[in-house]
Every structure is written in C-alpha cells, then in structure tokens.
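1. got a structure for you, letters missing:
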C-alpha cells in the first residue's frame with residue numbers, strides 16, 4: 001500500500017512507520033479504498049472505539065486527512081506541535097464551537113478530506129452508538145459527501161498483540177443533498193443524516209463480520 005504525501009513530511013513519517021507495524025502486529029487490512037473520492041472535500045466518518053482510531057484511519061486513507069481534536073490535547077506542547085503539523089483543528093467539547101465548525105467547513109470547501117466521528121465520542125463498549133447531528137450539519141453546510149467507514153479491532157487493541165486483527169472498510173459516499181426537504185426541520189435533517197450514516201456503517205460491519 002505504498003504512497004506519499006509530498007505536502008506533509010510528518011504525515012509521511014507516521015505512515016511509513018505505522019503501516020508496516022500495523023501489518024506485522026495486527027494484520028492490518030483495508031478494503032473499499034477505491035470508494036474514496038480522488039479529489040474534493042469529503043467527510044470521512046468512521047465508528048469510534050479507541051484513541052488510536054484517528055491514526056488508523058489516517059494510515060488507511062489514500063489522501064491526507066484533517067481532523068478535529070479536543071482542545072485539552074493541545075495543552076501538551078509536543079502534541080500541540082504535532083497536531084498543528086498534521087492538520088488538527090482544536091475543538092471545545094460540551095458546547096457549540098463555532099470557530100471549529102468554520103475551520104472544518106473551510107477545510108472541506110478547500111477540497112480536502114476531514115475526519116469526523118459521527119458518534120461524537122468513543123464507544124465505551126466497542127458497540128456502535130447512535131450518530132449525532134454534527135456530521136449532518138457539517139455535510140449540509142459544506143455541501144460535501146460523507147464517506148462511511150467501519151473500523152474493526154481497535155477496541156483494546158494493545159491487549160492482544162499478534163492475536164487481534166485490525167481492519168478498515170470504506171463504504172460508498174452519501175450525498176447529504178438528497179436529504180434536503182422543506183417538510184422537515186433542520187434538526188430533523190441533521191438527525192436523519194447522522195442516523196443513516198451509522199446505518200451504513202452497520203451495513204459495512206455486517207458485510208465484513210457477519
């Protein structure tokens with residue numbers, strides 16, 4: 001799965017080190033990457049069970065991702081420098097962060113992919129949760145598609161080295177514009193998109209794990 005991101009050497013380094021290690025220790029496997037749009041903004045929307053998920057999805061994607069990260073992580077100087085180098089957007093959780101939303105829309109409007117977990121937070125059990133309205137809001141405001149992704153094996157992945165398999169499965173893009181209707185409220189619109197995104201992730205789970 002060779003590739004390079006000439007615009008970001010830090011991203012290159014993470015990929016060059018991370019991919020072979022994931023293959024060796026976890027049999028890392030990626031399917032459906034041909035569904036990833038070659039150009040333009042896209043919201044990459046995986047399920048979320050581990051702090052390692054952004055790295056795993058970033059390594060699996062054929063294009064460099066920007067992503068949202070909680071503001072607390074930026075208080076560490078080393079992490080702050082790393083996050084800025086790889087395109088992280090600081091996010092204040094627990095309240096509407098209009099600055100982070102504008103930055104995310106700008107990323108998408110500039111034609112770059114953005115990682116966004118539709119569940120909003122990590123699953124404590126490893127099971128899929130309900131999608132929140134944020135993924136629908138961002139898709140509608142930016143006019144960009146949502147790419148559902150099922151990530152398997154990252155929940156407590158370090159407990160069973162060589163035994164736990166980690167895999168990432170990309171689905172087909174969702175056109176949020178198809179949900180627009182004057183007969184439903186904006187909140188209901190965003191809710192439907194969030195629910196359908198999680199339904200597509202569940203389909204990917206069932207197709208790849210029975």
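-> Nice, thanks for sending it over. In this text, all values refer to a predicted model and were calculated from it rather than measured experimentally.

2. Going by C-alpha atoms from here, please, whenever you check contacts or count neighbours.
-> Fine.

3. thought residue 110 was touching residue 41?
-> Yes: applying C-alpha atoms under 8 Å, one finds residue 110 in contact with residue 41, separated by 6.9 Å.

4. These two: which is more packed in?
-> residue 41 (23 against 12; other C-alpha atoms under 10 Å).

5. For residue 24, give me its contacts.
-> residue 162 (C-alpha atoms under 8 Å, 6 or more residues apart in numbering).

6. What residues of the helix or strand containing it count as buried?
-> Here residue 24, judged by DSSP states H and E, is contained in helix 9-26. For helix 9-26, burial by neighbour count (16 or more other C-alpha atoms under 10 Å) applies to 11-12, 15, 19, 22, 25-26.

7. ok, so of the residues you listed, who is nearest residue 32?
-> Using C-alpha to C-alpha, residue 19 is the member of the buried residues of helix 9-26 that lies nearest residue 32, at 17.2 Å.

8. ok, so what distance separates the closest one from residue 161?
-> Counting by C-alpha to C-alpha, to the nearest Å, the separation of residue 19 from residue 161 is 15 Å.

9. Show me the longest helix that occurs in this protein.
-> Looking across the chain with DSSP state H, the single longest helix is helix 186-209.

10. Need the contact partners of that helix.
-> Contacts of helix 186-209 (C-alpha under 8 Å, 6+ apart): 45-47, 118-119, 128-137, 146, 148-150, 169-171, 174, 176, 179-180.

11. Pull out the buried residues from those.
-> Neighbour-count burial (16+ other C-alpha under 10 Å) applied to those gives 45-47, 118-119, 128-137, 146, 148-150, 169-171, 174, 176.

12. quick one: which of the residues you listed sit in helices?
-> Assigned to helices by DSSP H, the following of the buried ones among the contacts of helix 186-209 qualify: 134-137.
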